[in-house]
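**Q** sequence plus the predicted model coming up.
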Amino acid sequence: MSDWDCSYDFVCIGSGGGGLVAALRAADAGRSALVIEKQPLIGGSTAMSGGMVWIPNNPLMEVDGVLDAYDHGMAYFEEVVGEAGPGSSRERRDAYLTGGPRMVSFLRERGMRFRRCAGYPDYYDNRKGGSAEGRSIEGVPYDARRLGEWRHKLQPGLAESVGLAAMTEELPHLMHFNRSARAFGVAMRVGIRTQLAKLRRRPLLTNGSSLVGQLVELAVARDVPIWLDSSLEGLVVEDGRVTGVWIDRDGTTTTVAAGQGVLLAAGGFAHNKELRLRHGGDQHATGEWSISNPGDTGEVLALAMALGARTDLLDEAWWLPVPSAYFGMSALNSARQRAHTIYVDEAGNRFCNEANSYVEVGKAMFARDRNTRAVPCWLVFDDNYRRRYAHSRTSIGRLPSAWLDSGEIKKADTVEDLASACGIDPGGLAATVERFNAHAAKGIDPYYGRGESRYNRHLGDPGHKPNPALGPLDRAPYYALQIFPGDVGTCGGLVTDEHARVLGADGQPLPGLYATGNITATVMGRAYPGAGASIGNTMVFGFLAAEHACGHGATPVA
């Protein structure tokens, strides 16, 4: 085209972690970059998330003297992710493990402030290459006033729903503030931080909001334009190369040239029922239980597929077992990781380690459902659980009467009566509880290994002995509620190489087209190695895409 409305070197579609990091890397290399966001708010799924970033052998680990190495990270990928298709090739794993630490150094040197999530273990820390000390980092509490006019244009995040200026690594302690001195101390620290911020009229951003807020500040300082309310209408292809985009902005089509390339970082298709039904396979979700970014609707993925882009893992998502939306952000979301709880199918049988990765547990629900109904499955707990824990911000040691009156939670004096009320096989549930109790009282789970890993114990009850993640269901009355396989986004899509170039059906790159994040077949495959693996995926490959697109213009990162 010779009549472009405007021209940039690198155009990023999507304003989450991947798009913003890529734009910053391009700008730092002396290139002009543009970020385009279809929603009226910036940040996408990254802003809504916990904001952790999982990076093996990251610089903050080195500063704290925590041993890690490339070989450990690769061994962990091989052990936990295994064979997972072209999106998690050896070359892409290598790119992630070498590019991740460089990306963190790049951002820190430009002013971003991170904190290592000390003691937050990998999700499979007891597997080969796993780290019990953890490889996750997150942004520090960040003063939103630094954003100026952009302050009110951020996608609302996790802290807003919690109502506290809490970092994600602090949340497990907040959940158990009444269960140990350490947890109480962390809760006090968060409470004081929140109150002081209010008194000083200093709006603090934490979690994904801190991550995005800091990235936006850096982007604005580098004069990177960010267009909101602007949707991608098409990719311009000339002589087999993507050279620009058509953008619908304020109801007018604007043509934007992209001299070095276009990066698709626009998220997946969690809220696209048609695509999910078409590609879901045995993991037959429609998006009705998804709590992902509302803009996760798949139009950009469809445009790339129409160009002949190769795809994989389209049936996969970042699964998150959740109760009915009726309960909102209650602590019931994490009940499976506490003592005195189990998940069971319609036959009354357990089918997984309930305290493991949310992605693993969600996949286990679908796998069991092929033979015995487990979508939804049932969370079952006893009165020990009810008495010990906080269930919401205003309810500790008792279940709100509205929850029981609604019928969302079933209650009975015996396990058999509870099963009957839920449509679960009474004999099956009674036998399961009896078997579980015999071992749980000793702090062991010979069937699924619950409570064996440091990760399981870290998210369990610090005041429960002998195992924070295990406790028998032996005190009446008993309770149950349905659990659904929700998600925080899909994680299958375009197949990309180690430079984040989109590959065609023949395995060759589509010139000028890059992609990262939930629009791609993730390097994490069908697993979730640690807290922040999805954000790490989008940020690292956004960073690498910009470096490759900028070519010799990219200045080396110290």
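**A** Looks like it arrived, so ask away. Numbering: from 1, shown residues only.

**Q** and the helices in the stretch 351-500 of the chain?
**A** Secondary structure of the stretch 351-500 of the chain (DSSP state H, counting those that start in this stretch): helices at 358-369, 383-388, 401-405, 415-422, 426-440, 454-458.

**Q** list the residues that contact K128.
**A** K128 is in contact with 75-76, 78-79, counting by C-beta atoms under 8 Å, 6 or more residues apart in numbering. Every C-beta, even on glycine, is put in place using the N, C-alpha and C of the backbone.

**Q** can you tell me which two in the residues you listed are farthest apart?
**A** For the contacts of K128, with distances taken as C-beta to C-beta, the pair at the greatest spread is Y76 and E78 (7.3 Å).

**Q** identify the contacts common to these two.
**A** In contact with both Y76 and E78: 128-129, using C-beta under 8 Å, 6+ apart.

**Q** more neighbours, the two?
**A** It is Y76, of Y76 and E78, that has more neighbours when counted by other C-beta atoms under 10 Å, with 25 against 14.

**Q** care to break the protein down by domain?
**A** Here the domain parsing of the chain from automatic domain parsing is 6-16+221-317+488-552, 325-486.

**Q** among those domains, which is the most enclosed?
**A** Neighbour counts (mean count of other C-beta atoms under 10 Å) averaged over each of the domains of the chain peak at domain 6-16+221-317+488-552, with a mean of 22.

**Q** and it, average pLDDT?
**A** The pLDDT scores in domain 6-16+221-317+488-552 average 96.

**Q** centre of the chain to that domain, how far?
**A** On the basis of C-alpha atoms, centre = their mean, to the nearest Å, domain 6-16+221-317+488-552 sits 17 Å off its chain's mean C-alpha point.

**Q** from memory R202 sits against R146, does it?
**A** No - contact criterion C-beta atoms under 8 Å: R202 and R146 do not qualify, at 10.5 Å.

**Q** if we can go back for a sec, with distance to M103 as added columns, please give the domains of the chain in JSON lines.
**A** Putting the domains of the chain into JSON lines (distance: least, C-beta to C-beta, whole Å) gives the following:
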{"stretch": "domain 6-16+221-317+488-552", "distance to M103": "4"}
{"stretch": "domain 325-486", "distance to M103": "23"}
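
**Q** could you say which one of these comes nearest to E133?
**A** domain 325-486 (8.9 Å).

**Q** doesn't V245 belong to a strand?
**A** Yes - counting by DSSP: H, G, I helix; E, B strand; the rest coil, V245 is located in a strand.

**Q** in the sheet, who's paired with it?
**A** In this entry, V245 is beta-bridged to L235, V256, by DSSP bridges.

**Q** what sits against it?
**A** So V245 contacts 11, 13, 36, 232-236, 255-256, 258, 262 (C-beta under 8 Å, 6+ apart).

**Q** next: D143.
**A** So D143 contacts 202-205 (C-beta under 8 Å, 6+ apart).

**Q** measure it to T206 for me?
**A** Applying C-beta to C-beta, to the nearest Å, one obtains 11 Å for the distance of D143 from T206.

**Q** what of R110?
**A** Taking C-beta to C-beta, one finds R110 at 20 Å from T206.

**Q** neighbour count for those two, which is higher?
**A** Comparing R110 with T206 by other C-beta under 10 Å, the one with more neighbours is T206, at 30 against 17.

**Q** what's the offset of the helix or strand hosting Q195 from the middle of its chain?
**A** Element membership of Q195, judged by DSSP states H and E, is helix 181-199. Helix 181-199 sits 25 Å away from the centroid of its parent chain (C-alpha atoms, centre = their mean).

**Q** who are the packing partners of that helix?
**A** Judged by 3 or more C-beta pairs under 8 Å, 6 or more residues apart in numbering; DSSP states H and E, the packing partners of helix 181-199 are helix 171-175, strand 204-205.

**Q** quick one: buried residues of it?
**A** Using 16 or more other C-beta atoms under 10 Å as the test for burial, helix 181-199 gives 183, 186-187, 190, 193-194, 197.

**Q** want to try a markdown table for those, with distance to V380 as columns?
**A** Output for the buried residues of helix 181-199, formatted as a markdown table (distance: C-beta to C-beta, whole Å):
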| residue | distance to V380 |
| --- | --- |
| A183 | 25 |
| V186 | 29 |
| A187 | 28 |
| V190 | 31 |
| R193 | 36 |
| T194 | 34 |
| A197 | 40 |
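
**Q** mind putting these in CSV, pLDDT and distance to L481 included?
**A** Listed next are the buried residues of helix 181-199 as CSV, based on pLDDT from 0 to 100; distance: C-beta to C-beta, whole Å:
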residue, pLDDT, distance to L481
A183, 94, 25
V186, 95, 28
A187, 93, 26
V190, 94, 28
R193, 95, 33
T194, 94, 30
A197, 92, 35
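
**Q** closest to A533 among the residues you listed?
**A** Nearest to A533 among the buried residues of helix 181-199 is V186, at 24.0 Å by C-beta to C-beta.

**Q** related to what we said a few turns ago, pick the most deeply packed of the helices and strands packed on helix 181-199.
**A** Using mean count of other C-beta under 10 Å, the stretch among the helices and strands packed on helix 181-199 with the largest mean neighbour count is strand 204-205, at a mean of 25.

**Q** any idea which helix or strand comes after it?
**A** As assigned by DSSP H and E, the chain's next helix or strand after strand 204-205 is helix 207-221.

**Q** paired strands for the helix or strand just after that next one, with orientation please.
**A** Using DSSP H and E, the helix or strand that follows helix 207-221 towards the C-terminus is strand 226-227. Strand pairing for strand 226-227, using DSSP bridges, gives strand 33-36 (parallel).

**Q** out of the helices and strands packed on helix 181-199, which gets nearest to P400?
**A** Across the helices and strands packed on helix 181-199, P400 has its closest neighbour in helix 171-175 (16.9 Å, C-beta to C-beta).

**Q** helices or strands up against the closest one?
**A** By 3+ C-beta pairs under 8 Å, 6+ apart, helix 171-175 packs against helix 181-199.

**Q** can you list contacts of the helix it packs on?
**A** The contact list for helix 181-199, computed with C-beta under 8 Å, 6+ apart, reads 141, 164-166, 170, 173-178, 202-204, 462.

**Q** swap the cut-off to 10 Å and go again
**A** 141, 143-144, 159, 162-167, 169-178, 180, 202-204, 206, 390, 461-463 (C-beta atoms under 10 Å, 6 or more residues apart in numbering).

**Q** noted, bye for now.
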